[in-house]
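A.B. asks: Sequence and computational prediction follow.
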Amino acid sequence: MKKRILALVMAATLGIMAVGCGTKEPAGKTGETESVQRESVSDKKIGMILVGDENEGYTYAHIEGMRIAEVQNGLNDSNIIWKYSVPEDESCKEAAVDLVEQGCVAIFSNSYGHQTFMEEAAAEYPDVQFVSMTGDRAEISGLSNFSNAFTNVYESRFVSGVVAGMKVKELVDQGKLADENMDGNKVKIGYVGAYPYAEVVSGYTAFFLGIQFIYPDVTMEVRYTNSWFDITAEAEAANALMADGCVIIGQHADSTGAPTAVQDALSKGKPVYSVGYNVDMLSVAPEAALTSATNVWSVYYNEAVKTVLEGGKIPTNWSKGYADGAVAITALGPSVAEGTQAKVDEVINALKSGSIKVFDTSRFTVDGKHLDSYFVDMNGNFSNGDPEDKEAIWDGYFHESELRSAPSFDIRIDGITELTAE
Amino acid sequence: MNEPILRVIKRESMSFKGKLLVRAVSLILALLVCGIVITLITGYNPITVYVTMAQGAFGTKTRAWSTIKEMLMLSCIAIGLAPAFKMKFWNVGAEGQILIGGIVSAGCMIYLSNIGNAGLFVLMCILSALAGSLWAFLPALFKAKFNTNETLFTLMMNYVAIQLTSYFVAKWENPVGSNTVGVINQSGHEGWFPKIFGTQYFISLIMVIILAVFMHIYLRYTKHGYEIAVVGESENTARYAGISVPKVVIRTVLLSGAICGVAGFMAVAGASHTISTSTAGGRGFTAIIVAWLAKFDSATMLLISLLLAFLNSGSSEIASKCHLNDYASKIVIGIILFFILGSEFFINYKLVRGKKGEKK
């Protein structure tokens, strides 16, 4: 009897908890019910292995991308099988095998750490196509059913740099900068990076070159957090950079740590602004956020799914940018300098037409010299002079993401100093 | 005079049938409550959800082995923890002991890939056991010599192990800068557990069965096992009986750490073939629940591990099929664990109405 009362009390408590959780659901749910009603044009199945779920910005962007591809290709929910929160270990391989057994003809994984496990699965199931997003081993694995894909995110970083450059110019013109914001005659820029890795180096260099495109007299300090997502460490890195006098804080890390810290400092009267990554940061930094560089994954998923439905082969290395709409910047914040939108449109058009190259060798120097040759490591061993390694500089610019889809620009150029957070 | 309406009284003992009944009732209640929660959150039929869970855990051969692998990992660690906890040595350092065992195994796979698979297997097994022992030995020594608090000490050793793992991940990372080690020996499979009956987890299965049988005999039928039980009940009694408490503590914790180290070996060489700070993945803590719930009985530990592994695989399948957030399915696991723990309460205690001293 008592036990039953207790059980009822527990049930009631849990019931209340459940209602609490239930209120969060609708956002995701509505989109679902819409697509459930549609008839599908195909019975082919596609698998998605995701490192997180919709609560995490990076994975959310991939989920959105695939959902758009699903609709545009006339598929419905029955065609896509989702695996959420798959860790970067043998669970990824098991998830992939499970998806194969459920009849998937193409399987995508969204995290770099999934790659080697995807490669293993690809070797075992030659009839199924495997794509490791952001990976770099497809070319050298020699497997015809294993691919990589990325976007030319360096283009959107360049454009986000242009937005920042406009702001720097405005701050200088209005005389708002103090001595601590200057290194000689150069304005200090800060950058919160995740790891000292080509993807990050390529990103911050593009950002820096974007700023210099508008306002050349800048210097940049990069601090690493050694994590892709660490709100506290990113905020600390941003604070350290601001203490050093940086007036723009860019980032290549997934959390809102840095923009939040920048907003705090701006509210306290420091002239400092934030440029984010992946998601619009205006919700956490309404005045400090200028814009964020983002990927538009739906462009890729759309193409890949179309190829799969037609029975074709997904390209081994895929990377596209502004010309195909695969990258973008988020809506400009209220604090951007006057004329920013016009300048952004101009630069985007120039990137599309090819009249501006992000890594134009005439616009940066290494140890005081302009580069005319740089070999990109293609087999992942990071030693120089392997026969597989390829020249990436010709026609006066570094051909980023052309030799392989993952970023390969790991050159440390003049004007940027790297520091680790520890 | 105010009397509480209900009082908690310790039961003398309960028949096997009675225990079974309480557990069965609590499991059914748990499923019912989960059913209500699932319907409230999702609107799905709870039966469908349970069927989905079962399919997720055992629906195909791959899934079944994946569930068994998870069960084996949990069991192995729980078996390792059992002697320490029975002695009331609160070894919350299994995470660290697993990681250290894992680092050693990964190191062997990287640097000694040319010594042949059989030799490598034996070497990794021994070295990872030694490494796990060492990690547990330090807190045990301080406990035995200076009576330090082993809960804090073993817990802190976890953080040291995590930092060491980060160091080795950075050292062995492939490609450089990616902060992942990637699959070690992907082409030659040196040091990997061989596939038997189509699965590489078969060897782990055999290892865990051997360990379970060994631990059962060791705790029940040996002098060591008896000493552990006495020290756990009362150190004074142990001393009075002429048992050297420090010796028993150190010996038992060495064994405990060794088995947890072997769990790290199983995780690295037998499953993931890589090492990262998430190699232990919180299992070192989950296994404490397993060991305690099973009252350190080997067969029960295997069963409880199986239940947890089942819930785990089942819940990720719910997330996949029903588009539920992972957390929603974790709530289901929480409810079931809550009821199981609750059933232990009702096995050990009863609630009575009425005055003190009134015998029922």
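C.D. replies: Everything's here; your move.
A.B. asks: When you work out contacts or count neighbours from here on, use the C-alpha atoms and nothing else.
C.D. replies: Noted.
A.B. asks: Dihedrals phi and psi, the most centrally placed residue in chain B?
C.D. replies: Nearest residue to the geometric centre of chain B (CA atoms, centre = their mean): B:Ala287, 2.1 Å. Backbone dihedrals for B:Ala287, given as degrees, to the nearest 10, come out at phi -60, psi -20.
A.B. asks: List the contacts of the residue lying closest to it once chain neighbours are set aside.
C.D. replies: When the adjacent residues along the chain are set aside, B:Ala287 lies closest to B:Ala78, with 4.8 Å between them (CA to CA, 6 or more residues apart in numbering or on different chains). By CA atoms under 8 Å, 6 or more residues apart in numbering or on different chains, B:Ala78 lies in contact with B:Ala287, B:Ile288, B:Val290, B:Ala291, B:Met301.
A.B. asks: and if we set it to 10 Å?
C.D. replies: Contacts for B:Ala78 (CA atoms under 10 Å, 6 or more residues apart in numbering or on different chains) come out as B:72, B:85, B:94, B:212, B:256, B:259-260, B:263, B:283-292, B:294, B:296-298, B:301-302, B:305.
A.B. asks: Selecting buried members of those residues in PyMOL, what would you type?
C.D. replies: A single PyMOL command is used to select the members of these judged buried by 16 or more other CA atoms under 10 Å in any protein chain shown:
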select buried, chain B and resi 72+85+94+212+256+259+260+263+283+284+285+286+287+288+289+290+291+292+294+296+297+298+301+302+305
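A.B. asks: Mind telling me what element whichever residue of the stretch 201-350 of chain A sits closest to chain B is part of?
C.D. replies: Here the residue of the stretch 201-350 of chain A nearest chain B is A:Asn226; by CA to the nearest CA that distance is 8.3 Å. Per DSSP states H and E: A:Asn226 is located in neither a helix nor a strand.
A.B. asks: Next: the one 3 residues further on.
C.D. replies: For A:Phe229, there is no host helix or strand (DSSP H and E).
A.B. asks: burial measure for B:Leu20, as a count.
C.D. replies: Around B:Leu20 sit 14 other residues, with neighbours defined as other CA atoms under 10 Å in any protein chain shown.
A.B. asks: show me where the chain has helices.
C.D. replies: Picking chain A for this. Per DSSP state H, chain A carries helices over the ranges A:2-22, A:26-36, A:57-72, A:90-101, A:115-124, A:138-141, A:153-173, A:198-214, A:231-243, A:257-267, A:297-309, A:340-353.
A.B. asks: Please refer instead to chain B.
C.D. replies: B:16-42, B:46-58, B:61-86, B:94-111, B:117-146, B:150-172, B:201-221, B:223-233, B:235-240, B:245-267, B:283-293, B:298-322, B:326-348.
A.B. asks: In TSV: those helices, plus mean pLDDT and distance to A:Thr365.
C.D. replies: Shown next, in TSV, are the helices of chain B (pLDDT from 0 to 100; distance: least, CA to CA, whole Å):
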stretch	mean pLDDT	distance to A:Thr365
helix B:16-42	84	58
helix B:46-58	87	56
helix B:61-86	94	52
helix B:94-111	96	39
helix B:117-146	94	49
helix B:150-172	94	30
helix B:201-221	95	54
helix B:223-233	94	70
helix B:235-240	91	72
helix B:245-267	95	47
helix B:283-293	91	50
helix B:298-322	87	50
helix B:326-348	81	48
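A.B. asks: dump the residue contacts of A:Ser353.
C.D. replies: Contacts of A:Ser353 by CA under 10 Å, 6+ apart are A:Tyr322, A:Ala323, A:Val347.
A.B. asks: any idea how far A:Tyr204 is from the second one?
C.D. replies: Same thing as A:Ala323. A:Ala323 sits at a distance of 21 Å from A:Tyr204 (criterion: CA to CA, to the nearest Å).
A.B. asks: quick one, which of these two is more surrounded?
C.D. replies: The residue with more neighbours, out of A:Ala323 and A:Tyr204, is A:Tyr204; 26 against 15, by other CA under 10 Å.
A.B. asks: show me the contacts for the more buried one.
C.D. replies: Neighbours of A:Tyr204 in contact, by CA under 10 Å, 6+ apart: A:154, A:157-158, A:161, A:190-193, A:198, A:210, A:220, A:222, A:250-252, A:416.
A.B. asks: redo that, cut-off 8 Å
C.D. replies: Here A:Tyr204 is in contact with A:Arg157, A:Tyr191, A:Gly193, A:Gly250, A:Gln251, A:His252 (CA under 8 Å, 6+ apart).
A.B. asks: In the residues you listed, find the pair that's most separated.
C.D. replies: Farthest pair in these (CA to CA) is A:Arg157 and A:Gly193. Separation: 13.1 Å.
A.B. asks: who's more crowded, those two?
C.D. replies: When A:Arg157 and A:Gly193 are compared for neighbours, A:Arg157 comes out ahead with 34 against 30, by other CA under 10 Å.
A.B. asks: Tabulate the CA atom coordinates of stretch A:394-411 in PDB.
C.D. replies: Output of stretch A:394-411 as PDB, limited to C-alpha atoms (Å, rounded to 0.1, in the frame of the first residue of the first chain):
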ATOM      1  CA  TRP A 394      50.500  29.100 -59.200                       C
ATOM      2  CA  ASP A 395      49.000  32.100 -61.100                       C
ATOM      3  CA  GLY A 396      49.900  34.300 -58.100                       C
ATOM      4  CA  TYR A 397      47.800  32.800 -55.400                       C
ATOM      5  CA  PHE A 398      47.600  29.900 -53.000                       C
ATOM      6  CA  HIS A 399      45.000  27.400 -54.300                       C
ATOM      7  CA  GLU A 400      43.200  26.600 -51.000                       C
ATOM      8  CA  SER A 401      40.800  23.600 -50.900                       C
ATOM      9  CA  GLU A 402      41.500  22.800 -54.600                       C
ATOM     10  CA  LEU A 403      44.000  19.900 -54.200                       C
ATOM     11  CA  ARG A 404      41.900  18.400 -51.400                       C
ATOM     12  CA  SER A 405      38.700  19.700 -49.900                       C
ATOM     13  CA  ALA A 406      40.000  20.200 -46.300                       C
ATOM     14  CA  PRO A 407      41.900  23.400 -45.700                       C
ATOM     15  CA  SER A 408      45.600  23.100 -46.300                       C
ATOM     16  CA  PHE A 409      46.900  26.600 -45.800                       C
ATOM     17  CA  ASP A 410      49.100  26.200 -42.700                       C
ATOM     18  CA  ILE A 411      51.600  29.000 -43.500                       C
END
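A.B. asks: Can you tell me what sits against it?
C.D. replies: A:134-136, A:139, A:148-152, A:197-199, A:201-202, A:317-319, A:357-362, A:372-373, A:376-377, A:390, A:392-393.
A.B. asks: just the buried members of the residues you listed?
C.D. replies: Among the contacts of stretch A:394-411, those buried by neighbour count (16+ other CA under 10 Å) are A:134-136, A:139, A:148-152, A:197-199, A:201-202, A:317-319, A:357-361, A:376-377, A:392-393.
A.B. asks: if you look at those, which of them are in strands?
C.D. replies: Counting by DSSP state E, the part of these found in strands is A:Asn148, A:Ala149, A:Phe150, A:Thr151, A:Asn317, A:Trp318, A:Ser319, A:Val376, A:Ile393.
A.B. asks: So for those, which is the shakiest by pLDDT?
C.D. replies: Summarising pLDDT for those: the lowest-scoring member is A:Val376, with 81.
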